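starting from these lines, generate the structure:
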Amino acid sequence: MIRTTAVPRPVRIGTALLGVAGIATLAGCAGGTTTGDAAPADTAAPAASSAPTSTSGAAAGSTGTGSYKDGEYEATGQYATPESVETIDVTLTIAGDTVTAVEVTGDPQAAESKRYQSEFIGGIQSEVVGKKLDEISVSKVAGSSLTSGGFNKAVDTIKSEAAA
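Down below sits the predicted model:
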């Protein structure tokens, strides 16, 4: 019998398994909460840093899982793109465990990041203002999915800083 395949069976099986794993990974990237262009997949998960700018008043009662002090809080979130590691500064004003104002500023390092950060900044207010702090977790805003990762990291830091 003449063997017609030049690649050993274990190599073929391993390659097939890697292909299935790749498809499963990409299938997880398909979802989103808003419409727009998709961004490249996230490649790393750097940490967020924070500094509350001011806090005032006592903790407000709420039906959420946390109770947060009213005030204005600021944190920096980082996220990785294929070209660079980007940061965004997030400022949230909290009253009664609800976000009453949001401000996001970025300092994009790559040209494509400038576009995505700009679109994210233009659409984030409608996604978070008026919502309970515990309910905020954005996945894609105005076509930007990677910026959302940095935003969520900053929000997590703000939650820990504002916890009563």
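
low-confidence ranges, the protein, go.
1-12, 14-66, 164 (pLDDT under 70).

now the helices for it?
Listed from the start of the chain, the chain has helices (DSSP state H) covering 9-28, 111-128, 146-162.

which other helices and strands contact the shortest one?
What it means is helix 146-162. strand 49-59, strand 69-80, strand 85-95, helix 111-128 (3 or more Cβ pairs under 8 Å, 6 or more residues apart in numbering; DSSP states H and E). No exception for glycine: its C-beta is placed from N, CA and C like everyone else's.

need the ones you listed in CSV (columns: mean neighbour count and distance to A163).
Listed next are these as CSV, based on neighbours: other Cβ atoms under 10 Å; distance: least, Cβ to Cβ, whole Å:
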stretch, mean neighbour count, distance to A163
strand 49-59, 13, 9
strand 69-80, 21, 8
strand 85-95, 20, 11
helix 111-128, 18, 18
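
can I get these in a markdown table with distance to V104?
Converted to a markdown table, the helices and strands packed on helix 146-162 look like this (distance: least, Cβ to Cβ, whole Å):
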| stretch | distance to V104 |
| --- | --- |
| strand 49-59 | 14 |
| strand 69-80 | 9 |
| strand 85-95 | 5 |
| helix 111-128 | 5 |
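
and these: which comes nearest D134?
Nearest to D134 among the helices and strands packed on helix 146-162 is strand 85-95 (11.0 Å), distances taken as Cβ to Cβ.

beta partners for E103?
Beta-bridge partners recorded for E103 (DSSP bridges): T91.

so how far is E112 from it?
According to Cβ to Cβ, to the nearest Å, E103 stands 23 Å off from E112.

do V129 as well
Relative to E112, and taking Cβ to Cβ, V129 is found at 27 Å.

do F120 as well
For F120, the distance to E112 - Cβ to Cβ - is 13 Å.

and T76, by the same measure?
Distance of T76 to E112, given as Cβ to Cβ: 20 Å.

next: A95.
As defined by Cβ to Cβ, A95 lies at a distance of 36 Å from E112.

now K69
For K69 relative to E112 (Cβ to Cβ), the value is 38 Å.
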